[in-house]
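**Student:** got a sequence here, can you build the structure:
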Amino acid sequence: QVQLAESGGGFVQAGGSLRLSCAASGRTFGTYVMGWFRQAPGKEREFVADITWRDTTSYSNAAKGRFTISRDNVKNTVYLQMNSLKPEDTAVYYCAAGRAPLTKYDYWGQGTQVTVSS
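**Tutor:** I've put the predicted structure just below:
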């Protein structure tokens, strides 16, 4: 069982930056694929970025070039550095964990709200 807790959300003006953190419980954190997703009001949840235990990363087109995902396997934490934020980035951001090789995400956090004003 893995428990995930996001933090770092908040209110920021367009062009600003935020860093989200996701702290995970469990001794096998380093073996999980960790992902970030987001859900805006009235929209479906969408993929943002993920990172494997080997630090291989992938990003959505919306995140590419502006967001950076990273992980610290000693601290059992995954991060999402978000720069050049836009109003359309406003959403609840969720952290997720899935066993490798990834077929689905098994564990989800409660989410953290990010609001970007124009």
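**Student:** residue contacts, the residue nearest to the spatial centre of the chain?
**Tutor:** What sits nearest the mean C-alpha location of the chain, by C-alpha atoms, centre = their mean, is residue 36, with 2.7 Å. Neighbouring residues of residue 36 by C-beta atoms under 8 Å, 6 or more residues apart in numbering: 20, 22, 48, 49, 50, 69, 78, 80, 93, 94, 95, 96. C-beta here means a position set from N, CA and C on the backbone, and glycine is covered the same way.
**Student:** cool, and residue 19?
**Tutor:** By C-beta under 8 Å, 6+ apart, the contact list for residue 19 reads 8, 79, 80, 81, 82.
**Student:** columns neighbour count, distance to residue 41 and secondary structure on top of these, output as TSV?
**Tutor:** Formatted as TSV, those follow (neighbours: other C-beta atoms under 10 Å; distance: C-beta to C-beta, whole Å; DSSP: H, G, I helix; E, B strand; the rest coil):
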residue	neighbour count	distance to residue 41	secondary structure
8	16	20	coil
79	20	25	strand
80	27	20	strand
81	14	24	strand
82	26	18	strand
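**Student:** same list (those residues) but as TSV, adding pLDDT and distance to residue 1.
**Tutor:** Below are those laid out as TSV (pLDDT from 0 to 100; distance: C-beta to C-beta, whole Å):
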residue	pLDDT	distance to residue 1
8	98	24
79	98	22
80	98	23
81	98	28
82	98	29
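**Student:** out of these, who's nearest residue 106?
**Tutor:** The closest of these to residue 106 turns out to be residue 80 (C-beta to C-beta; 19.3 Å).
**Student:** and that closest one, how far from residue 69?
**Tutor:** Per C-beta to C-beta, to the nearest Å, residue 80 is found 6 Å from residue 69.
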